[in-house]
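*Asks:* heads up, no residue letters with this:
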């Protein structure tokens, strides 16, 4: 199931911005060594991949936590487990 946010991230023509980061030289050297082993042209691409990976993980965690809080709030208000399960399954199928 791809969210609208994820679909937008998969488009090639997204608006970009330039940032400046201070990173230790030894970290940059390690990135330069590892990038070719992962089939990437350069360390900046690898760095962006690491950022994207961590961001997706965190977004999934926090999104999941929000969904769980909503389900628990609905359960406290008397919505049956069968209705909640049906709604979650319908959402996953969408």
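*Replies:* Ah, there it is. Small disclaimer: the values here were computed from a predicted structure and weren't measured. Numbers count the residues shown, from 1 in each chain.
*Asks:* contacts, neighbours, all on C-alpha from now
*Replies:* Will do.
*Asks:* residue 82 versus residue 15, what's the distance?
*Replies:* Relative to residue 82, residue 15 is positioned 43 Å away (C-alpha to C-alpha, to the nearest Å).
*Asks:* who's more crowded, these two?
*Replies:* More crowded of residue 15 and residue 82, by other C-alpha atoms under 10 Å: residue 82, with 9 against 5.
*Asks:* any idea which element that one lies in?
*Replies:* helix 81-93 (DSSP states H and E).
*Asks:* just residue 12 next, same as before
*Replies:* Using DSSP H and E, residue 12 sits in no helix or strand.
*Asks:* might you report the residue contacts of it?
*Replies:* By C-alpha atoms under 8 Å, 6 or more residues apart in numbering, no residues touch residue 12.
*Asks:* mind checking the SS state of the residue lying farthest from the centre of the chain?
*Replies:* Farthest-out residue of the chain from its mean C-alpha position, per C-alpha atoms, centre = their mean: residue 78, at 32.3 Å. Classification of residue 78 by DSSP: H, G, I helix; E, B strand; the rest coil places it in coil.
*Asks:* start the count at 431 instead of 1 going forward.
*Replies:* Done: numbering now begins at 431, and the last item shifts to residue 508.
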